[in-house]
Each structure stands twice: as C-alpha cells, then as structure tokens.
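>>> A predicted structure for the sequence below; I have some questions about it.
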2 protein chains.
Amino acid sequence: MHLPALQNQLLAALPPEDYVRLAPRLELVRMKLGHPVYESGGALQHVYFPVSGIVSMLFVTKAGASAELAVIGREGIVGVSLFMGGETTPNRCVVQSACEAYRLPALALREEFARGGPVQLQLLKYTQALITQIFQTAVCNRHHGVEQQLCRWLLLSLDRLAGNQLKMTQELIANMLGVRRQGVTEAARDLEKAGLIHHARGTITVLDRPGLEARVCECYAVVRREYDRILPALVQAAHQSG
Amino acid sequence: MHLPALQNQLLAALPPEDYVRLAPRLELVRMKLGHPVYESGGALQHVYFPVSGIVSMLFVTKAGASAELAVIGREGIVGVSLFMGGETTPNRCVVQSACEAYRLPALALREEFARGGPVQLQLLKYTQALITQIFQTAVCNRHHGVEQQLCRWLLLSLDRLAGNQLKMTQELIANMLGVRRQGVTEAARDLEKAGLIHHARGTITVLDRPGLEARVCECYAVVRREYDRILPALVQAAHQSG
DNA sequence: TGCGCTCTGTGCTCTAACGTACACAGCCTA
DNA sequence: TAGGCTGTGTACGTTAGAGCACAGAGCGCA
C-alpha cells in the first residue's frame, strides 16, 4: 500500500490502523503559487497535509510589510490552530511553491485529535517543532544579516522540495524575508560569486549545499536538529520515499 | 475557596473537580530575578504555574547574543514542551521579575494532559496564544524600531504585573530585546520626555498607559487580542483577582 | 564622609539595510 | 522584428542601529 497521501510524512508516521481510518476523508487538492490557504483571522474549514510543495506562514502588517514565520512542507500540516483550540489565527498561509495536499475537514480532524493516542501525539510533536522554527525566525530576524537569512531560507525550502531548484523570483523571496528586493539581489550575487548557487530569472539552483550550510547562521541547524529530534519517524519516512 | 494557586489564571479557569485533583501535587516555589527556570536543551522536571512575577522565554546564540521570544505570567504556564511531546526545547526560560509559582511534576502533568477534557484544552489554548506572541515577536524584530519594541515590551510586562512599576535595569531590558543598552536608554529618554514613563536606576514607572498604547506598534494589540480571544476565561479571572 | 560599585547619559564612528531611481536583460507576443 | 513586460543589476543618499568609549549620577558600604 503506497497511497500518495503517505508521501506526507506526518501521515506516513501514523500507525496503519489510524491511517486507514483517516484516509477515506482525505481529499486531494492542488494549489498554485500564491494561493492563500488561510487568510488572517479567517475561519479554518480544513487542515492540509502537503505531499509536495511548500506553504508559508506569513504575517502582514497594517503598513503592508510582510514577514515569513515558518515554512511547511510534506513533513507537516497546515492549520495547527484547529486542534490547538484557537479555531483561527491572525497570520496568513500562502503557497510558496506549487503544492499538492490532502485536506481533512475540521470536524474530522478534531474528532481524530480527541481520540488521543498516536494521532494526537504526532500532531502535537509537529506543532512543537513548528514553534521552534517560528522562534528561531524571531532570533534570526533580530541578529542575522540578509545573506545568512537567505541561506537559511534556501536550506529550509530545499529540505522540503525534491531536487535542488527553487522557482522563485527575488521579489518574492524578499517578501518572505521581509527585506528589500535589492538586498536579496546583492546577497544572491555574493552567493553566486562564491559558487554556491546559480540564479536566473525566477529560478535559483543550489550548486553547493555543504557550502551553503557552512555559510548559514546557526538558526538553520537549531531548527533542523529539533525536527530530527522530535520527529524521527519523519526522517525515516523521508529516507524511504526520497 | 481562594487558594493562592488559583491566582494563576490558567488554573483558575479549570473546572473545580479538575483543580482539586491537581492541587495536592502543586508545590509553591519562589524564584528570584535571573533564576534559570529551564536551560536550553535541559530535561524538564516540572512545569510552573506562576502566580506572580514574569518568566521570559529567551534564546541565546553561540555568539552570546540573546533574544526574548515571549513572556509568561500568571496567565500561563512555563514548560509547554512537556505536554507537546518534545520533552525539552532549545530555548531558555529565565525569571524576569521575581516570581512565585506552583510547580507540578512532569509525570503528573502528562497524566492530567492525557485525560483530555478541560485541562488539555486549556493547556493547548494557552499554547496557541503563546505561539501568537512568539511569531509577533518575530514580526516586531523584523519591522519595528527599538522604541516601539520597548513600548510593546513594557505593555506586555505590565499586563502581567500588579501596579505600574517595573524593577528592571536598562541593561537587562536590552538583553531581553536583543539590542544595545544605549538603544534602550535613548528610547526610554524619549518616552520620558513625552511624559509616558519615569525611570530611575532600575525602576521604570509607567505614568501614561494610554499614551504608551498609542505609541506602540500593532504587535502588542495583535497579541493582546489573541490572548483575550482564545482565553476569555483568563480575562474574567483577571477581573476577579485584580 | 569617602570609596567604589552599578546604572545611566552622551558622544563618536562604522555598517547594514532602507528608499528611490534607473538601466539593462531575458522572454513573450504582436 | 519591434514593443512591452517582468525580472535583475547597480548606484546613489539616508537612517537606524552596532560597537566603542567615557563622564556623571545615584546608591551601598566601610
């Protein structure tokens, strides 16, 4: 049994009996770049288990400035506030890289969560990992320069995608990081000079991942280590399915 | 029945039958300013329900720079990673303002959490509010100046303390915000010139709270609104006990 | 009263990032 | 092939904050 939904590592980490109970209520949806999965304060009707692509958690200020808080890929779930009891949340979630996801109605999710056991545990563990990513974003925003943040962002994104290419304009990256587009241009130029990446009109190719990891600030490692520590089942799943 | 532990608003919001089951296992501890409640990556033996004072969630980088992620007072609980399933977390928790708290052994907490019901719900709701505070810190770090961050910090702290005084040197505030001490000095000077605060050797007195709220960035309001929305029981409790 | 400590105020230079502006380059379509 | 659009490169001046240095001010203690 290798259903596509199992490409979501969180679902894949569930015991089979839990998964088969969930599976019939999962519905595949495809979402294009820029698609708003959730709006700030909007009522959440579903949670999403991505099997490909990336969803960004963003906050947009009144003045229109934005800041990415975390990225979510097939290791996780979009919409944790549904089982955390808040129903909604003041941040947005936007598709950052064209995304296929299995969605589950809010009611079904709450029902599953209320059973306790492995489903609940897995969801909570993922949430804690997500918290780590969010607070490390806060740390990085405070103390590290644009270039290091770009490295972190590239690595976090790459971890969630197949291959070594990102289809993403510098403008969009700048919006994610909450910096100027020129800042990204300059940082990308320097990384390209160092032979770590190649970029051209909306595509960034990572040529030297170890080189990037050597240049990134500690924030990436902290987040990565926490994901690996809290969600070892996911790492195994990643190895199995590529 | 007005036990001191009920001054913790999270405990106070529990149904009486849940509270009486918990109460015998709560142990009062007093913690001085600077006391490390949790170290980064350390094993968590207890969770803490503050009844007075403030605990800061901090992250300290390898280079020694620090950044506050959130503050926790009698509205909450210190140590959410214990019931979130991660056991530990890479950030520190430090007493920011002398604190009395009731602590509960890790085992007892997990037992209570596993029962589901109101205890679990309340803990999760609080965690979501905490997530909001953390990501708003990330936003504020990215986009807002030192003065606005100081305003936010003052208001968040004031919400968790009785009275309008903060015993806190500028040096410590700077460490919390992850900025230079001089930056805090300058911001505080400007706020004092505007008649909003008075400060002298380790004590900041807020003279004009509405004035501060007018000058702070939206980050404070976003956090405050989420706490009020997700945890209305806590607001009521706050009204009852002052 | 005097000493020494901590805390605060203020000055400087330096740098990263911002806002703005504009030129060019690749790609698509007419 | 020309025109237009989007994405990228580069160059300003401006500013917030960092790093550093040191003077003064309030407080505790001998």
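Thanks, I have it. Residues are numbered from 1 along each chain as shown, chains lettered A, B, ... in the order given.
>>> only C-alpha atoms for contact and neighbour calcs from this point on.
Will do.
>>> Near DNA strand D, which residues of chain A are found?
A:169-171, A:182, A:185-186, A:188-189, A:199-203 (Cα under 7 Å from any atom of the strand).
>>> Can you verify my assumption that A:P90 contacts A:A43?
No. Using Cα atoms under 8 Å, A:P90 makes no contact with A:A43, being 10.6 Å away.
>>> of the two, who's got more company?
Counting neighbours by other Cα atoms under 10 Å in any protein chain shown for A:P90 and for A:A43 shows that A:P90 has the greater number, 18 against 12.
>>> where does the more buried one fall, phi/psi-wise?
phi -80, psi 0 (degrees, to the nearest 10).
>>> What of the one 5 residues further on?
Summarising the backbone geometry of A:V95 under the convention degrees, to the nearest 10, its torsions are phi -70, psi 120.
>>> Find the nearest non-adjacent residue to it, please.
Distance criterion Cα to Cα, 6 or more residues apart in numbering or on different chains; nearest residue to A:V95, sequence neighbours excluded, is A:V55 at 4.4 Å.
>>> At the geometric centre of chain A, which residue do we find?
In chain A, the C-alpha nearest the mean C-alpha coordinate belongs to A:I72, at 1.7 Å (Cα atoms, centre = their mean).
>>> I'd like the distance between that residue and A:R152.
14 Å (Cα to Cα, to the nearest Å).
>>> try A:L58
With distances taken as Cα to Cα, A:L58 is found 16 Å from A:R152.
>>> same question, A:R229
A:R229 sits 19 Å away from A:R152 when distances are taken as Cα to Cα.
>>> Just give the number of residues close to the residue of chain A found nearest DNA strand C.
The minimum distance from chain A to DNA strand C, using Cα to the nearest atom of the strand, falls at A:G145 (2.8 Å). A:G145 has 13 neighbours, counted by other Cα under 10 Å.
>>> where does it land on pLDDT?
Predicted confidence (pLDDT) for A:G145: 96.
>>> Same check on A:A238?
What the model reports as pLDDT for A:A238 is 47.
>>> Beyond the one helix or strand A:Q122 maps to, next helix or strand please.
Per DSSP states H and E: A:Q122 is located in helix A:117-143. Following helix A:117-143 in sequence order, the next helix or strand is helix A:146-158 (DSSP H and E).
>>> Any residue of that following helix touching chain B?
No. Using Cα under 8 Å from any Cα of the partner chain, we find that helix A:146-158 stays clear of chain B, coming within 11.1 Å at best.
>>> other SSEs contacting that helix?
Judged by 3 or more Cα pairs under 8 Å, 6 or more residues apart in numbering or on different chains; DSSP states H and E, helix A:146-158 is in contact with helix A:181-193, helix A:209-215, helix A:218-230.
>>> Now render these as TSV, adding mean neighbour count and mean pLDDT.
Formatted as TSV, those follow (neighbours: other Cα atoms under 10 Å in any protein chain shown; pLDDT from 0 to 100):
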stretch	mean neighbour count	mean pLDDT
helix A:181-193	17	95
helix A:209-215	15	95
helix A:218-230	18	96
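>>> closest one to A:A67 among these?
For these, proximity to A:A67 was assessed by Cα to Cα; helix A:181-193 is nearest, at 13.4 Å.
>>> does chain B sit close to the closest one?
No. Counting by Cα under 8 Å from any Cα, no contacts exist between helix A:181-193 and chain B, the nearest distance being 14.1 Å.
>>> Same question for stretch A:225-232.
Yes. Legend: contact between stretch A:225-232 and chain B by Cα under 8 Å from any Cα is shown at A:226, A:230.
>>> what about dumping the CA coordinates of that stretch to PDB?
Presented in PDB, the C-alpha positions along stretch A:225-232 are these (Å, rounded to 0.1, in the frame of the first residue of the first chain):
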ATOM      1  CA  ARG A 225      18.100  19.400  14.800                       C
ATOM      2  CA  GLU A 226      14.700  19.900  16.500                       C
ATOM      3  CA  TYR A 227      12.800  18.500  13.600                       C
ATOM      4  CA  ASP A 228      15.000  15.500  13.500                       C
ATOM      5  CA  ARG A 229      14.900  15.000  17.300                       C
ATOM      6  CA  ILE A 230      11.200  15.500  17.800                       C
ATOM      7  CA  LEU A 231      10.000  13.800  14.700                       C
ATOM      8  CA  PRO A 232      12.500  10.900  14.000                       C
END
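>>> before we move on, the earlier item: surely the residue nearest to the centre of chain A meets A:V51?
No. Under the criterion of Cα under 8 Å, A:I72 is not in contact with A:V51, lying 10.5 Å apart.
>>> burial measure for A:R201, as a count.
Counted with other Cα under 10 Å, the burial measure for A:R201 works out to 9 neighbours.
>>> Chain neighbours aside, what residue packs nearest to it?
Nearest non-adjacent residue to A:R201, counting by Cα to Cα, 6+ apart: A:T169, 6.8 Å away.
>>> who's in contact with that neighbour?
A:T169 sits next to A:201-203 when contact means Cα atoms under 8 Å, 6 or more residues apart in numbering or on different chains.
>>> pLDDT added to the residues you listed, as a markdown table?
What follows is the contacts of A:T169, written out as a markdown table (pLDDT from 0 to 100):
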| residue | pLDDT |
| --- | --- |
| A:R201 | 89 |
| A:G202 | 90 |
| A:T203 | 93 |
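>>> Residue of chain A closest to chain B, please.
Nearest to chain B, among the residues of chain A, is A:A138, at 3.7 Å (Cα to the nearest Cα).
>>> May I have the residues that are in contact with the residue of chain A most remote from its centre?
If you look at how far each residue of chain A sits from its centre, by Cα atoms, centre = their mean, the farthest one is A:K193, at 28.1 Å. Listed by Cα under 8 Å, 6+ apart, the contact set of A:K193 is empty.
>>> ok, now with 10 Å
By Cα atoms under 10 Å, 6 or more residues apart in numbering or on different chains, the residues touching A:K193 are A:A187.
>>> One more: A:L6?
Applying Cα under 10 Å, 6+ apart, the residues near A:L6 are A:12-14, A:19, A:23, A:49, A:51, A:74, A:102, A:237, A:241.
>>> Quick check: ChimeraX command selecting the buried ones in those residues.
Buried subset of the contacts of A:L6, written as a ChimeraX selection, criterion 16 or more other Cα atoms under 10 Å in any protein chain shown:
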select /A:12,13,14,19,49,51,74,102,237
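>>> Taking the contacts of A:L6 together, which two end up most distant?
Using Cα to Cα, the contacts of A:L6 span at most 18.5 Å, a distance reached by A:A23 and A:S241.
>>> Low-confidence ranges, chain A, go.
Under the criterion pLDDT under 70, the flagged ranges of chain A are A:1-3, A:233-242.
>>> picking up where we left off before, which helix or strand contains the residue nearest to A:V95?
Using DSSP H and E, A:V55 falls in strand A:46-60.
>>> tilt between that strand and helix A:146-158?
Angle, strand A:46-60 to helix A:146-158, by axes from the mean of the first three to the mean of the last three Cα atoms, to 10 degrees: 170 degrees.
>>> Give me the buried positions along strand A:46-60.
Residues of strand A:46-60 classed as buried: A:46-60 (neighbour count, 16+ other Cα under 10 Å).
>>> Could you do stretch A:28-45 as well?
For stretch A:28-45, the neighbour count (16+ other Cα under 10 Å) marks A:28, A:31, A:33, A:35-39, A:44 as buried.
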